[in-house]
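**Student:** Starting from these lines, generate the structure:
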Amino acid sequence: MGAWRDRYRGLERGDKITGVDPAGHAFEYRVGAAVESSGRLLNGESFEDVRDLKRILAANPRQLARNLLRQFTLYSTGIPVRYSDRREIEAILDACLGVGYRVGDLLRVLVGCRVFGGVGVIPARTKTAAWNGGSESR
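**Tutor:** The predicted structure follows:
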């Protein structure tokens, strides 16, 4: 029954699996072909599984944080980051560099900036305590 970890589930083809879930409901599905977890990124780097992919992505934390800010901006405003917003996004990244691009810090600074609709100026250097109420362990 553990095939869900490395094989696709389907309803039409494959090995039939039946059972009863913890709530007492009967279920049935079919286990298909193995999942192909290797691939190649646009920059040419290849990976064999999700752990390799995570390693590649984590090797550039600023790029990961930049993408996260772009996604937060799109989600919160409904508008993608514009060319004119790039300088402000880079300033947010510079402000959060010292604290390791923590998600909470990125959000706090984003909410206070012009891109989000605020009028605040992003400080040149953000100290951890300034963004988490004075507590370093938050």
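
**Student:** counting contacts, what elements does the strand or helix carrying Gln63 pack onto?
**Tutor:** Element membership of Gln63, judged by DSSP states H and E, is helix 61-77. On a contact count with 3 or more Cβ pairs under 8 Å, 6 or more residues apart in numbering; DSSP states H and E, helix 61-77 meets helix 86-96, helix 103-111. From N, CA and C alone the C-beta is placed, and that goes for glycine too.

**Student:** can you give me the offset of the longest strand belonging to the chain from its chain's centre?
**Tutor:** As assigned by DSSP state E, the longest strand anywhere in the chain is strand 26-34. Centroid separation between strand 26-34 and its chain, computed with Cα atoms, centre = their mean, to the nearest Å, is 29 Å.

**Student:** and that strand, C-alpha only, in PDB?
**Tutor:** Output of strand 26-34 as PDB, limited to C-alpha atoms (Å, rounded to 0.1, in the frame of the first residue of the first chain):
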ATOM      1  CA  ALA A  26     -13.800   2.200   1.600                       C
ATOM      2  CA  PHE A  27     -11.500   3.400  -1.100                       C
ATOM      3  CA  GLU A  28     -10.100   2.100  -4.400                       C
ATOM      4  CA  TYR A  29      -7.500   3.400  -6.700                       C
ATOM      5  CA  ARG A  30      -4.900   2.100  -9.100                       C
ATOM      6  CA  VAL A  31      -1.100   2.500  -8.800                       C
ATOM      7  CA  GLY A  32       0.500   3.400 -12.100                       C
ATOM      8  CA  ALA A  33       4.000   3.900 -13.400                       C
ATOM      9  CA  ALA A  34       6.900   5.100 -11.300                       C
END
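
**Student:** Would you check that my belief about Ala95 contacting Val109 is correct?
**Tutor:** Yes. Counting by Cβ atoms under 8 Å, Val109 is a contact partner of Ala95 at 5.5 Å.

**Student:** Surely Leu106 is in contact with Gln71?
**Tutor:** No. Shown here, Leu106 and Gln71 do not form a contact pair, counting by Cβ under 8 Å, at 10.6 Å.
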